[in-house]
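Undergrad: My questions are about this predicted structure, shown below with the sequence.
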Amino acid sequence: MTLEADLTKIAEQEKALVFDRFDLETAWQLGSLLRETAQRQQLGIAIDVQLHSMPAFYAAMPGSTADNPGWIRRKRGLVLRFFQSSYAIGRKLALQQTTLEDKYGLSSAEYAAHGGSFPIQVTGIGCIGAVTVSGLPQREDHEMVVTALSHLLGLNPADLALD
């Protein structure tokens, strides 16, 4: 898939994956769904759901590493700064053949334009937090989050999957 096609599909994902309401119970359901998926597939990932500055869910699965929390923090920080998925920002930068530092002056020690973090959007409010997965290749981290959000919102994940 081309960068342009990815960006078109990611924009569709970001438009479709919006909640009418989202609270701590919803955060727990989302995190638990991701954890159950990771457990079933034996994925060594870390999972984070954060409502801006408040942690709502965190799990580190067997096989995850001490690096995963840092990746989560950096990817989540990017989402909360731009209100877009970290994968979308990474794909845009790749298309423009630039980096976060060159384009925005953002340090790679603080931000990561790698897939796996997705904004939690609420209709009429906007971005209230982020859900993040770390431990798989970035496209798979992104797809795992999109699939979980799709299920939670009653949407068909196949309709929103990247090709």
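TA: Perfect, I can see it now.
Undergrad: Where does the prediction get shaky in this protein?
TA: Flagging of the chain using pLDDT under 70 yields the residue ranges 1.
Undergrad: Which strand in it has the most residues?
TA: strand 126-134 (DSSP state E).
Undergrad: now for it, which elements pack on it?
TA: For strand 126-134, the elements it packs on are helix 24-41, strand 46-51, helix 68-82, strand 117-122, helix 138-152, judged by 3 or more CB pairs under 8 Å, 6 or more residues apart in numbering; DSSP states H and E. (Each C-beta comes from the backbone N, C-alpha and C, glycine too.)
Undergrad: So for Phe57, which of the ones you listed sits nearest?
TA: Among these, helix 24-41 comes nearest to Phe57, with 3.0 Å by CB to CB.
Undergrad: Would you confirm that Thr147 contacts Ala158?
TA: No: contact criterion CB atoms under 8 Å: Thr147 and Ala158 do not qualify, at 9.2 Å.
Undergrad: between the two, who's got more neighbours?
TA: For Thr147 and Ala158, the more surrounded residue by other CB atoms under 10 Å is Thr147, and the numbers stand at 18 against 8.
Undergrad: give me every residue that touches the residue lying closest to that one once chain neighbours are set aside.
TA: With CB to CB, 6 or more residues apart in numbering as the criterion, Thr147 has its nearest non-adjacent residue at 4.4 Å, and that residue is Pro157. For Pro157, the contact set (CB atoms under 8 Å, 6 or more residues apart in numbering) comprises Val146, Thr147, Ser150, His151.
Undergrad: Turn those into JSON lines, columns for distance to Met54.
TA: As requested, the contacts of Pro157 are exported to JSON lines (distance: CB to CB, whole Å):
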{"residue": "Val146", "distance to Met54": "23"}
{"residue": "Thr147", "distance to Met54": "25"}
{"residue": "Ser150", "distance to Met54": "24"}
{"residue": "His151", "distance to Met54": "24"}
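Undergrad: about what we covered before: could you check the angle the longest strand of the chain makes with helix 24-41?
TA: 20 degrees (axes from the mean of the first three to the mean of the last three CA atoms, to 10 degrees).
Undergrad: what's the angle between strand 126-134 and strand 46-51?
TA: 170 degrees.
Undergrad: Buried residues of strand 126-134, list them for me.
TA: Cys127, Ile128, Gly129, Ala130, Val131, Thr132, Val133, Ser134 (16 or more other CB atoms under 10 Å).
Undergrad: ok, which pair from the contacts of Pro157 is furthest apart?
TA: So, those by CB to CB: farthest apart are Val146 and His151, at 9.8 Å.
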